[in-house]
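>>> Structural data only, the sequence is not supplied:
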Ligand code: AMP
């Protein structure tokens, strides 16, 4: 079985985000970019499934500008066998990404598609659900544990829900999206980084996949959260109670 894994290139989680002065988006020039953390978890899970002898190949896929190749090289250095880059400039919304994944799934025929539960740049949490819907495949979202049964071609997925765990069983092929506690992704070692340089990255355009990139959504503006006001130090409990009662009106 082949596993396809989605790896999105996003602003590194440790970078302090700056909104562009014209409020059309966030600054990405000269900003450190990395693999979306939930996609690292998705790739790690695919590699563990392969290492357990339940998959024969792991294919990493990234969609977006030419620099996505760097993200794919990281994925190859972590252990993916092959990579696919869908070269698309301009904003890519979840429905377009889901349509591109559907087209790639039809070409590559993986038995499992693993995505992150959300991309930390847009926080959409939509792509996995949409691609499962487009493909008509079952979906196990927010997976905190994944167990495959190769004989019966089944996946069992634990999901952390309010107040407990939900366990789902689904037929393969299926879509799984990964939650934070599923695993601890590995670091790429130096020899593997070197080896990744010679691994193959196949390139497609959306036109070659017969997908038109368009969106029904328009981002009106992006703004920074309001600045927090400075706090005050009170000299006694009585003063605190007085302020909470008469200024903040919370008691
Ligand atoms: P989102 O629905 O945008 O929060 O993204 C959910 C997941 O879909 C991400 O964690 C990725 O695994 C995948 N994904 C979204 N956009 C892309 C992209 N441009 N390239 C590769 N994977 C993507």
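Okay, I see it. Source: prediction; values computed, not measured.

>>> Report pLDDT for the residue in the stretch 51-200 of the chain that the ligand sits nearest to.
Going by CB to the nearest ligand atom, the ligand is nearest to residue 116 of the stretch 51-200 of the chain, at 2.4 Å. To be clear about C-beta, it is placed using only N, CA and C from the backbone, and glycine gets the same treatment. pLDDT, residue 116: 98.

>>> Could you report the distance from it to residue 150?
24 Å (CB to CB, to the nearest Å).

>>> any idea how far residue 120 is from residue 244?
Residue 120 is 36 Å from residue 244, by CB to CB.

>>> Which one of these two is surrounded by more residues?
Comparing residue 120 with residue 244 by other CB atoms under 10 Å, the one with more neighbours is residue 120, at 16 against 13.

>>> quick one: secondary structure of the more buried one?
coil (DSSP: H, G, I helix; E, B strand; the rest coil).

>>> Around the ligand, which positions in the chain sit nearby?
6-8, 36, 38-39, 42, 61-64, 92, 94, 97, 115-116, 118-119, 122, 124-128 (CB under 6 Å from any ligand atom).

>>> rerun at 5 Å
Residues of the chain found near the ligand (CB under 5 Å from any ligand atom) are 6, 8, 36, 38-39, 62-64, 94, 97, 115-116, 118-119, 122, 124-127.

>>> Just give me the neighbour total for residue 97.
Around residue 97 there are 27 other residues, counting by other CB under 10 Å.

>>> quick one: it from residue 142, how far?
18 Å.

>>> Quick one: mean pLDDT for the helix or strand hosting residue 86?
Secondary structure from DSSP states H and E places residue 86 in strand 82-87. Averaged over strand 82-87, pLDDT sits at 98.

>>> Who does that strand pair with, and is each partner parallel or antiparallel?
Partner strands and pairing direction for strand 82-87 (DSSP bridges) are strand 57-64 (parallel), strand 201-204 (parallel).

>>> what's the following helix or strand after the shortest one?
Read in the C-terminal direction, the helix or strand following strand 201-204 is helix 237-246, with elements assigned using DSSP H and E.

>>> just checking, what packs against that following helix?
Helices and strands touching helix 237-246, by 3 or more CB pairs under 8 Å, 6 or more residues apart in numbering; DSSP states H and E: there are none.

>>> Show me which positions of that helix end up buried.
Buried residues in helix 237-246, counting neighbours by 16 or more other CB atoms under 10 Å, are absent.
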